[in-house]
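Novice: Sequence below, structure please.
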Amino acid sequence: MKIKISRHIRKYIIIYIILLLALYLVIEMVPRVTNIFETTQILEPGSLALTTETEGYLIKTETICISPESGDITYLVKDGKAVRKNQKVIDIEETEEEADATPQYKELLDGLKGYKGLVEAKRTPVSGIFSLCMDGSEKAMNPAHMDGLTYEKVQKLPLQSKDLRESHVSAGDPIYKITNDNKWYVVCWLEKKAAANYVEGQAVKLQMPAGVVEATVYGVTKQGKQYRVFFSTDRYYSELASTREVDMTIQSSERTGLLIDNECIIEKDGHEGVYVRDKNGEYSFVRVNVIETDGKESVISESSYIDAEGQEVLTVSVYDEVLKNPEKQQ
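Specialist: Residues are numbered from 1 along each chain as shown. As a prediction, this is how the structure comes out:
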């Protein structure tokens, strides 16, 4: 059964819908339009942390254990568990037939020739994190060799881990790995502008897929058009033993002070400052000290600061009203 709606009622329904749409536009658009014409900003306390997204590569001390014999293997420890030195972590039931290393491991082992961390052992030769994977880059991505790393060299390395779990192993096969988690490193390559935000000894946080790791900038070195940045840490990371390459966000320590839009800051007579509005509505220039900036916002000192000449400078205070785009407003 169809319900007939009179032309008169349809007219009111259409008007109602139009009013709803108009109300929505007012609610959504007016604040944005108002902000366009806003000419001042009220300073309030806040914090700012710089972030940089990049690819990181884990550098760690790793010991690859090689099977001294052929046989059926049983693993006594779960992957990712901490183990102590000389701990029994596998059982190998010897078979009469001896065999050379399995061909599938040849390429991995070729990259580890001469590596001191490649040892023949059934019991753990060192303490650390037990894992059943390797990638063949354990020698190149070792702290002892990291000074010679370049972006081009790292891109040529095998960075994907291979699972070592087998039911039967041949003599010479890699059977497990022990990763030292007492101290490890992360390296990345940044453009000049991003690298300028990080200095040796600076505390940072590395946001990686399996969690956030607190670290310290270990060194920054120019390499061609890029800058190589090392980070050192002794913090726990669940995927340390199994991961070589990570997508990460570097976050500097948060700096606190008064938050201000960069468009409010102007240079006058060789000093950075802002125009502050007084009770009479007049504006006067006041010097500021930028503590941190992300290019859009800055954290500045409150009340006073010591300048480069060692002099105390009186500056802005919380809830001061400052002029936006002062070079255009004056």
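
Novice: middle-most residue in this protein, spatially?
Specialist: When C-alpha atoms, centre = their mean is applied to the chain, the residue found nearest the centroid is residue 249 (2.4 Å).

Novice: For that residue, list each beta-bridge partner.
Specialist: Counting by DSSP bridges, residue 249 is bridged to residue 53, residue 207.

Novice: That one and residue 209: what is the separation?
Specialist: Using C-beta to C-beta, to the nearest Å, residue 249 is found at 11 Å from residue 209. Heads up, the C-betas are built off the backbone N, CA and C, glycines and all.

Novice: Any regions of the protein where pLDDT drops low?
Specialist: Within the chain, the ranges that satisfy pLDDT under 70 run 1-8, 26-38, 96-101, 328-330.

Novice: Can you spell out the domain ranges of it, please?
Specialist: 54-252, 255-329 (automatic domain parsing).

Novice: Endpoints of the longest one, how far apart?
Specialist: So that's domain 54-252. In terms of C-alpha to C-alpha, to the nearest Å, the two terminal residues of domain 54-252 are separated by 14 Å.

Novice: swap in stretch 173-189?
Specialist: As for stretch 173-189, its first-to-last residue distance stands at 35 Å under the measure C-alpha to C-alpha.

Novice: show me where the stretch 201-330 of the chain has helices.
Specialist: For the stretch 201-330 of the chain, helices defined by DSSP state H, counting those that start in this stretch occupy the ranges 326-329.

Novice: tally of neighbours for residue 256?
Specialist: Other residues lying near residue 256 total 13 when counted by other C-beta atoms under 10 Å.

Novice: so who does it touch?
Specialist: Contacts were defined as C-beta atoms under 8 Å, 6 or more residues apart in numbering; by that measure residue 256 touches 45-47, 299.

Novice: Going by neighbour count, list what's buried in stretch 135-154.
Specialist: For stretch 135-154, a neighbour-count test (16 or more other C-beta atoms under 10 Å) marks 135-142, 146, 149, 154 as buried.

Novice: do stretch 41-50 as well
Specialist: For stretch 41-50, burial by neighbour count (16+ other C-beta under 10 Å) applies to 41, 43, 48, 50.

Novice: winner for burial among the domains of the chain?
Specialist: domain 54-252 (a mean of 17; mean count of other C-beta atoms under 10 Å).

Novice: Would you agree residue 251 is in contact with residue 204?
Specialist: Yes - Residue 251 lies in contact with residue 204 (C-beta atoms under 8 Å); the separation is 6.3 Å.

Novice: Out of the domains of the chain, which gets nearest to residue 24?
Specialist: Across the domains of the chain, the minimum distance to residue 24, taken as C-beta to C-beta, is reached by domain 255-329, at 28.3 Å.
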